[in-house]
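> got a predicted structure plus its sequence, pasted below:
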Amino acid sequence: MIRKDAVEIVCNYVKDDVIVSANGFISRDVYSILEKNTNFYMIGSMGLASSIGLGIALKNPKKKIIVFDGDGNILMNLGSLVTIGYLQPKNLIHIIFDNQIHESTGSQPTATRKIKIENIAKESNYKVYTINSKKELENKFTKCKKSKGPILILIKIKKDYTITNRITLKPTKIKTRFTDSI
């Protein structure tokens, strides 16, 4: 499964939820598939989607917060896994698309070839699910939406040769419309 297919599957189930998406191709894919005011697209802030998602989840406990993250992004901010696990936001689903590369910046390898993010998340008190297929993602995600978090869904993906268009919204517009909508 490629990243864009996995993003599309998840977007089918999160239409009314708040989304915080990591910078790079992940945000571009979300923007092209499910553009809405309650999406916060990270532009140029590698690794911070999980921290921003945590803050939003804590301030809005009645809303489901979905964080779209990449393996390269979460490796830039591993401490957020521990903090999320410690604070235990019941409304947070953290999705990590793991292709073992920094795809948005030229496909340099990440440490997930040897270091298992899912093990770090388990030790940090997340409920953890590892996904390897589209069907498994569809089945597991519907169950996760009804469960209390924090939940980490690690989706194993392949390199995607499709490059989605850039986000055309200015960062100030993204921030303003997002804060106004939640």
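Thanks, I have the structure now. Numbering: from 1, shown residues only.

> what about the strands in this protein?
In the chain, the segments counted as strands under DSSP state E are 18-21, 39-41, 65-70, 92-98, 101-102, 108-109, 127-131, 151-156.

> all helices of the chain, in order?
3-13, 25-33, 49-59, 71-75, 79-87, 117-123, 134-145, 171-181 (DSSP state H).

> which strands and helices sit next to the second one?
Same thing as helix 25-33. Using 3 or more Cβ pairs under 8 Å, 6 or more residues apart in numbering; DSSP states H and E, the elements in contact with helix 25-33 are helix 3-13, strand 18-21, strand 39-41, strand 65-70. All C-beta atoms are positioned from the backbone trio N, CA, C, and that covers glycine.

> who wins for proximity to Glu136 among the ones you listed?
helix 3-13 (10.2 Å; Cβ to Cβ).

> with mean pLDDT, distance to Arg28 and mean neighbour count added, can I get the strands of the chain in TSV?
Compiled in TSV, the strands of the chain are given as follows (pLDDT from 0 to 100; distance: least, Cβ to Cβ, whole Å; neighbours: other Cβ atoms under 10 Å):
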stretch	mean pLDDT	distance to Arg28	mean neighbour count
strand 18-21	98	9	26
strand 39-41	98	8	24
strand 65-70	97	11	30
strand 92-98	97	13	27
strand 101-102	68	15	20
strand 108-109	70	19	10
strand 127-131	96	21	19
strand 151-156	97	17	24
